[in-house]
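Student: got a structure for you, letters missing:
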């Protein structure tokens, strides 16, 4: 691992965030959304490509995985040269790659690892094989935080898709109990319209379950929300005490990005967020 660099003259160090994800040529999700979110939160984004997708705001028409050896070589190239402050893992796609990334985490042991268990795109396209989706459960114990949406949470805990916030709380606590990592269950797609995300984590001996209220933004343009949220959280976690503090910093930004997405005019389908909304208002 490279020797750490000195902080800037004002004492503020820019967080260096390694994002592992597939591409989205329309720019709304995947690696492009990741690095936009990292930059918006004041970090320096780096990216390892796991797959090249053929997609836009209307849907995903094809996925071309990057060879496993190339993905790991990219990871090692960055880790050999740069002191990594946090890692965000998004689309992996294939079971063999899930396993290989798990082995890389064991070998390199980077700090502040966050997993967005990507399985299906906002537009409905499948982004992980059935085997890979199943193996993601084995990856969760190796990360510090996992950020499933409602259907992803059900896959991780092996239960039916939750229909209300009480089910979300129970499933998030179950995943935390089984895997040990902190769980942030997002509820933007919950059928009962609840407006609380659920954070379950353990501080020393005590498990805490927090309901984190938010104001829903009435918008069809949610393409890349999960990617953006998890990358922003990875950035915000550097320099704060816990994931709750990181969430409190990120939530106003993600709300503004969702609101700003109403005015971007990108695509004919589920459009992207406006990652730099604060520059346009």
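Tutor: Looks like it came in fine. Since this is a predicted model, take the numbers as computed values, not measurements. Numbering: from 1, shown residues only.

Student: in the stretch 1-150 of the chain, which segments are predicted with low confidence?
Tutor: When the per-residue scores of the stretch 1-150 of the chain are filtered using pLDDT under 70, the ranges that remain are 1-12, 120-130, 132-133.

Student: need the strands for it, in chain order.
Tutor: If you assign secondary structure with DSSP state E, counting those that start in this stretch, the strands in the stretch 1-150 of the chain sit at 16-21, 44-49, 51-55, 60-65, 86-89, 113-115, 145-146.

Student: Pipe those into a markdown table and attach distance to residue 244 per row.
Tutor: (C-beta placed from N, C-alpha, C; glycine too.) Putting these into a markdown table (distance: least, C-beta to C-beta, whole Å) gives the following:
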| stretch | distance to residue 244 |
| --- | --- |
| strand 16-21 | 19 |
| strand 44-49 | 23 |
| strand 51-55 | 32 |
| strand 60-65 | 33 |
| strand 86-89 | 16 |
| strand 113-115 | 14 |
| strand 145-146 | 11 |
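
Student: a markdown table for those strands, including distance to residue 95 and mean neighbour count?
Tutor: Converted to a markdown table, those look like this (distance: least, C-beta to C-beta, whole Å; neighbours: other C-beta atoms under 10 Å):
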| stretch | distance to residue 95 | mean neighbour count |
| --- | --- | --- |
| strand 16-21 | 16 | 27 |
| strand 44-49 | 18 | 20 |
| strand 51-55 | 13 | 20 |
| strand 60-65 | 11 | 15 |
| strand 86-89 | 15 | 28 |
| strand 113-115 | 15 | 26 |
| strand 145-146 | 18 | 28 |
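
Student: Which residue lies nearest the spatial centre of the protein?
Tutor: residue 230 (3.0 Å; C-alpha atoms, centre = their mean).

Student: quick one: that residue is in a helix?
Tutor: Yes - secondary structure assignment (DSSP: H, G, I helix; E, B strand; the rest coil) places residue 230 inside a helix.

Student: what sits against the residue lying closest to it once chain neighbours are set aside?
Tutor: Closest residue to residue 230 apart from its sequence neighbours, by C-beta to C-beta, 6 or more residues apart in numbering: residue 116 at 3.9 Å. Neighbour list for residue 116: 88, 89, 90, 146, 147, 226, 227, 229, 230 [criterion: C-beta atoms under 8 Å, 6 or more residues apart in numbering].

Student: cool, and residue 30?
Tutor: Remark: with contacts taken as C-beta under 8 Å, 6+ apart, residue 30 is in contact with 21, 22, 23, 24, 53, 90, 91, 224, 227.

Student: mind listing which of those residues are in helices?
Tutor: Among these, DSSP state H puts residue 227 in helices.

Student: Which one of the strands of the stretch 1-150 of the chain lies nearest to residue 72?
Tutor: Closest approach to residue 72 among these (C-beta to C-beta): strand 44-49, 9.0 Å.

Student: ok, back up a step: out of the contacts of residue 30, give me the one that has the most neighbours.
Tutor: Of those, residue 227 is surrounded by the most neighbours, 32 neighbours in total, counting by other C-beta atoms under 10 Å.

Student: Okay, buried residues for the longest helix along the chain please.
Tutor: If you go by DSSP H, the chain has its longest helix at helix 243-261. If you call a residue buried by 16 or more other C-beta atoms under 10 Å, then helix 243-261 has these buried ones: 243-244, 246-247, 249-251, 253-254, 256-261.

Student: Quick check: of those residues, which lies closest to residue 220?
Tutor: In terms of C-beta to C-beta, no member of these lies closer to residue 220 than residue 261, at 9.1 Å.

Student: Confirm for me that the closest one is in contact with residue 273.
Tutor: Yes - taking contacts as C-beta atoms under 8 Å, residue 261 lies within contact range of residue 273: 4.6 Å.

Student: For those two, list the residues in contact with both.
Tutor: The contact lists of residue 261 and residue 273 share 221, 222, where a contact means C-beta under 8 Å, 6+ apart.

Student: Can you report how many residues lie near residue 168?
Tutor: Taking other C-beta under 10 Å as the criterion, the count of residues near residue 168 is 25.

Student: Next: residue 28.
Tutor: By the criterion of other C-beta under 10 Å, residue 28 has 32 neighbours.

Student: show me the contacts for it.
Tutor: Contact analysis of residue 28 by C-beta under 8 Å, 6+ apart lists 57, 223, 224, 266, 267, 271, 272, 273.

Student: 6 Å - rerun?
Tutor: Taking C-beta atoms under 6 Å, 6 or more residues apart in numbering as the contact definition, residue 28 lies against 223, 224, 272.
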